[in-house]
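Visitor: below are the sequence and a predicted model; questions follow.
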Amino acid sequence: MKMVNPELKVFIIMNMVSTHPSVSAYKKVLKILEDFPNLNVLPNPTHERIAYIKAAQQGLGVHEIMKPDIKAIEEMNYLYNEMGKE
């Protein structure tokens with residue numbers, strides 16, 4: 001396998017993580033990703049939220065929908081800030 005850019009930093013954000021306490025897939029995936037030290041997993045995932053569906057249906061961001069979901073907004077703000085760091 002040919003290395004294209006050895007300086008490339010790879011970041012992963014877990015997406016649509018269940019908010020249900022009995023669903024443990026997120027923790028299992030994090031454990032698997034520990035075997036790949038070149039992958040940087042962002043510590044705060046986005047969760048499965050109705051606000052994302054409503055925003056997409058309306059062609060809006062979660063900041064713009066009529067009844068904003070504070071948690072969804074916080075997740076998007078976090079992601080935006082993390083992307084600006086690198």
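Guide: Perfect, I can see it now.
Visitor: alpha carbons only for contacts and neighbour counts from here, please
Guide: OK.
Visitor: quick check: buried residues in stretch 5-19?
Guide: Buried residues in stretch 5-19, defined by neighbour count with 16 or more other Cα atoms under 10 Å: 14, 18.
Visitor: poorly predicted segments of this protein, please.
Guide: 1, 86 (pLDDT under 70).
Visitor: one more pass at 80, please.
Guide: Within the chain, the segments meeting pLDDT under 80 span 1-3, 6, 21, 84-86.
Visitor: for it, which helix is longest?
Guide: With DSSP state H applied, the helix covering the greatest number of residues in the chain is identified as helix 70-85.
Visitor: could you list the residues in contact with that helix?
Guide: 44-47, 49, 51-52, 62-63 (Cα atoms under 8 Å, 6 or more residues apart in numbering).
Visitor: could these go into CSV alongside secondary structure and neighbour count?
Guide: Shown next, in CSV, are the contacts of helix 70-85 (DSSP: H, G, I helix; E, B strand; the rest coil; neighbours: other Cα atoms under 10 Å):
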residue, secondary structure, neighbour count
N44, coil, 13
P45, coil, 19
T46, coil, 20
H47, strand, 17
R49, coil, 15
A51, helix, 21
Y52, helix, 20
V62, coil, 24
H63, coil, 17
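Visitor: still on that earlier bit, show me how far the longest helix of the chain is from its chain's centre.
Guide: From the chain centre to the centre of helix 70-85 is a distance of 9 Å (Cα atoms, centre = their mean, to the nearest Å).
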